[in-house]
Structures are given as C-alpha cells and as structure tokens.
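Chemist: build me a model from this:
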Amino acid sequence: MAHSLSAKKRIRQTEKRRARNRARKELLKTELKSFNTLIAAGSVAKAEEQLNKVVQRLDKVASKNTIHKNTAARKRSRLTKRLNAIKAKKAGAGTSGAKA
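Modeler: All right, here's what the predicted structure looks like:
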C-alpha cells in the first residue's frame, strides 16, 4: 500500500485512466463485432456504414493513446481489405459468364 500522498494520487490517477481506457476499448470491440456480423451476413451497404463508424472509433482511441496509432492503422487496413474483398466477390458474382 502506498504511504506518500503523491503515491496515493498516482494510484487514483492510474485507476481512472484504466477505467477510461477499458471503456474505450469495449466500445471499439462492440463496433468491430457488429462490423464482423454484417460482413458474415453479406450486407455490403450496412457493412460500409459500419466501417466508417469503426474507423472513427479507431482514430479516436488511437488519438487518446489507448491503442498505438500503428495498431489502429493496421486494423483499419485489414477491415477495409475485407470489405473490398466482399464487394469484389459480389461484383464478380453479378457478372458471371460475361467474360469470354
């Protein structure tokens, strides 16, 4: 247990920051789960809207230093890649047999 006032204050600050960071990460995970659900269901339009929300949340969490900015960039890139793959698959299915 901390004895000095400054050490006690540090403990209080750390607990506050931890709670704040956990809340931010939880919100991010919730957004990611809903995006993954939409991708699995194959609804591209809704997934695109959700991707915008996820990207905003990633940027906000990274700007607050809850996660590293490179981690946010990597996740953003992978999610966009997944969405584009689904879009390409849907577009390819619509024009099947058109190529000779």
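Chemist: excluding chain neighbours, what is closest to Ile39?
Modeler: Among residues not flanking Ile39 along the chain, Ala47 sits closest, at 5.3 Å (C-beta to C-beta, 6 or more residues apart in numbering). Using the backbone N, CA and C atoms, a C-beta is placed for each residue, glycine as well.
Chemist: so what's Lys53 up against?
Modeler: 31, 35 (C-beta atoms under 8 Å, 6 or more residues apart in numbering).
Chemist: run the chain-centre distance for the helix or strand hosting Ala19.
Modeler: Element membership for Ala19 (DSSP states H and E) is helix 5-41. Remark: helix 5-41 is offset 12 Å from the chain centroid, using C-alpha atoms, centre = their mean, to the nearest Å.
Chemist: just checking, what packs against that helix?
Modeler: Counting contacts by 3 or more C-beta pairs under 8 Å, 6 or more residues apart in numbering; DSSP states H and E, helix 5-41 is packed against helix 44-63, helix 69-94.
Chemist: please identify the most buried of these.
Modeler: helix 44-63 (a mean of 16; mean count of other C-beta atoms under 10 Å).
Chemist: for that helix, give the mean pLDDT please.
Modeler: The average pLDDT within helix 44-63 is 97.
Chemist: distance from it to the middle of the chain?
Modeler: 6 Å.
Chemist: need the CA coordinates for that helix. PDB is fine.
Modeler: In PDB, the C-alpha atoms belonging to helix 44-63 read as follows (Å, rounded to 0.1, in the frame of the first residue of the first chain):
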ATOM      1  CA  VAL A  44     -22.300  -4.700 -48.000                       C
ATOM      2  CA  ALA A  45     -24.100  -1.400 -47.700                       C
ATOM      3  CA  LYS A  46     -24.600  -1.700 -44.000                       C
ATOM      4  CA  ALA A  47     -21.100  -3.000 -43.500                       C
ATOM      5  CA  GLU A  48     -19.700   0.000 -45.300                       C
ATOM      6  CA  GLU A  49     -21.600   2.400 -43.000                       C
ATOM      7  CA  GLN A  50     -20.400   0.400 -40.000                       C
ATOM      8  CA  LEU A  51     -16.800   0.500 -41.300                       C
ATOM      9  CA  ASN A  52     -17.000   4.300 -41.200                       C
ATOM     10  CA  LYS A  53     -18.000   4.100 -37.500                       C
ATOM     11  CA  VAL A  54     -15.300   1.600 -36.700                       C
ATOM     12  CA  VAL A  55     -12.600   3.800 -38.400                       C
ATOM     13  CA  GLN A  56     -13.800   6.900 -36.500                       C
ATOM     14  CA  ARG A  57     -13.700   4.900 -33.200                       C
ATOM     15  CA  LEU A  58     -10.200   3.500 -34.100                       C
ATOM     16  CA  ASP A  59      -8.900   7.000 -34.800                       C
ATOM     17  CA  LYS A  60     -10.300   8.400 -31.600                       C
ATOM     18  CA  VAL A  61      -9.000   5.600 -29.500                       C
ATOM     19  CA  ALA A  62      -5.500   6.000 -31.100                       C
ATOM     20  CA  SER A  63      -5.500   9.700 -30.700                       C
END
